[in-house]
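Engineer: kindly return the folded structure for what I paste below:
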Amino acid sequence: MLADLLPRGGCAVRMRKDLVMLKDMGRILKECMKSPGRTSIWSPQLNKYVCTDSDEGKLALALAAEANIEGQAKHPPIDPKFKLIFVTAAVGTLLFVLLCITLTIVVGREPPPLYEKVITSLLDLAKIGFGTAVGLLGRKSLQGEVAKEEPPKTDIPTRRRK
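Structural biologist: Below is the predicted model:
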């Protein structure tokens, strides 16, 4: 009976695609934290992101210049500006979470209304920061897929000038 309630067919494919996206987001996160000030590119040999000024990065750049590697389009380069924005959002989120926890412990069981509002506001800022960090990672992991797709065709006829 339970099998009749579950969706069939495309669900497994979609779940696999979601897991691949989460794995890509984890790789981007790892590279942003490991080397925030340097540009990183995808190395198909190592199956991870590497800095362009490292030996592995120079090899990946040479291979990418030699032949148009499909992995490069699937895994776009990560520039230092993106890393700075991501690390700032992640650190800000962590700061607001720590402030929220600290104030909750300091104020005690029955906080005055003003402290309760401050704690709630800090928690809201932490939620916004978390959404920003996840959104940045998701966008970067999807960027390769979007770059490979063709732009949508429109049915609007074009007029020629005489």
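Engineer: in its sheet, what does the host helix or strand of V50 sit against?
Structural biologist: Assessed by DSSP states H and E, V50 sits inside strand 48-51. The strands beside strand 48-51 in its sheet (DSSP bridges) come out as strand 40-43 (antiparallel).
Engineer: which residues are in contact with the partner strand?
Structural biologist: With contacts defined as Cβ atoms under 8 Å, 6 or more residues apart in numbering, strand 40-43 is touched by 31, 48-52, 56-57, 59-61, 64, 71-72, 74-78, 83. (Each C-beta comes from the backbone N, C-alpha and C, glycine too.)
Engineer: can you give me the buried ones in the lengthiest helix in the chain?
Structural biologist: If you go by DSSP state H, the chain has its longest helix at helix 113-148. Neighbour-count burial for helix 113-148, counted by 16 or more other Cβ atoms under 10 Å, picks out 118-119, 122-123, 125-126, 129-130, 132-133, 136-137, 140-141, 143-144.
Engineer: rewinding a little: now list the buried members of the contacts of strand 40-43.
Structural biologist: Buried members of the contacts of strand 40-43, counted by 16+ other Cβ under 10 Å: 31, 49-51, 56-57, 60-61, 64, 71-72, 74-78, 83.
Engineer: inside strands: which ones of these?
Structural biologist: Y49, V50, C51 (DSSP state E).
Engineer: can you tell me, leaving aside adjacent residues, what's nearest to the last one?
Structural biologist: Excluding its sequence neighbours, the residue lying closest to C51 (Cβ to Cβ, 6 or more residues apart in numbering) is R38, at 4.5 Å.
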